[in-house]
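**Q** predicted structure and sequence below. I'll ask about it afterward.
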Amino acid sequence: MHQKFSEVALILFGSTFIILMLTGLVVISLFINQKRKYRHLQEKSEMKNSFDRELFQSHLEIQSQAFESISRELHDNVGTLISIAMVHLKSISVSIPENEQLKLTEADSLLNEAMYTLRDISRSINPENINRLGWQRSFIAELERIRKTNAFNVHYSEEGTPFAIEMQKQIIIFRILQETLNNIVKHSNGHDIYSHIRFSDAGVIITIKDNGKGFQTQLTDLFSEGSGIRNMRARAAMLPAVLDIEGRIEGGTVVTLSYKEPVI
């Protein structure tokens, strides 16, 4: 009787051990399979991010070449046409009655203003000019160009000590700021632009705000944003940097770009 009880106990113990072992193998198999799936998804995500970065980098290079080409065309062709028109005006001024001289002077003044504006625009879109001046001086020049239009009161301030940033990243930073100013000029219906740059610990925070109409809703849905803002966000991701766009229902928009130089 005791021997049969021992045999039954041994069989139960063996069965339990086998069941536990099989269960453990199933759990381990599921864990390994899940981990493999997670690694596959992670690799797929990294490949997609890498592809997106390369695609956007190509887009930036093409855009840079386009900007350079447009800048050259503006300077060489349109600028030349305006210069020729100014020469013609001056050549016929002697044959125009005195009562018509005022109109000629006004036309000459408008052409001069158009020439200066064309020169400023050509400089602001030319990557070589950004390379020469750097992102901060290019940004200040862009603010000055807007101020000259007399459409906005421009306020600028800065604090801290600037630090060296890779030139390609400087171009990306400037393009984000340039697009921000472009949106303000086109859509804000305001009359004041406030900009502040703060450098600290190999990082920079750039804030641009206006006193215009702002946004009716917060910009949280990428599908509700225009191509300009989507490009700004894509550029910020390339740096990488944090871009915050706050549309105030009561009026005005605040754009903040925060960039931290990576530690090597």
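**A** Sure, I can see it. Numbering: from 1, shown residues only.

**Q** next, the contact list for the closest residue to Gly203 other than its chain neighbours, please.
**A** Distances taken as Cβ to Cβ, 6 or more residues apart in numbering place Lys260 nearest to Gly203, at 4.2 Å, with adjacent residues excluded. To be clear about C-beta, it is placed using only N, CA and C from the backbone, and glycine gets the same treatment. Contacts here follow Cβ atoms under 8 Å, 6 or more residues apart in numbering; on that basis Lys260 touches 202-203, 241.

**Q** now do the buried residues in stretch 157-170.
**A** Residues 165, 168-170 are the ones in stretch 157-170 that count as buried (16 or more other Cβ atoms under 10 Å).

**Q** farthest-separated two in those residues?
**A** Using Cβ to Cβ, the buried residues of stretch 157-170 span at most 9.2 Å, a distance reached by Ile165 and Gln168.

**Q** so, low pLDDT: which residues of the stretch 51-200 of the chain?
**A** 51-82, 86, 88-100, 116, 118-126 (pLDDT under 70).

**Q** between the buried residues of stretch 157-170, which is nearest Leu133?
**A** Of all the buried residues of stretch 157-170, Leu133 sits closest to Gln170, with 9.4 Å by Cβ to Cβ.

**Q** by contact count, what packs against the helix or strand hosting the closest one?
**A** For Gln170, the element it lies in under DSSP states H and E is helix 167-183. Judged by 3 or more Cβ pairs under 8 Å, 6 or more residues apart in numbering; DSSP states H and E, helix 167-183 is in contact with helix 2-73, helix 127-133, helix 135-148, strand 203-210, helix 227-238, strand 253-260.

**Q** separation between the closest residue to Ala85 other than its chain neighbours and Thr105?
**A** With Cβ to Cβ, 6+ apart as the criterion, Ala85 has its nearest non-adjacent residue at 5.9 Å, and that residue is Leu111. Distance, Leu111 to Thr105, by Cβ to Cβ, to the nearest Å: 11 Å.

**Q** try Arg145
**A** 25 Å.

**Q** which one of those two has more residues nearby?
**A** Arg145 (18 against 12; other Cβ atoms under 10 Å).
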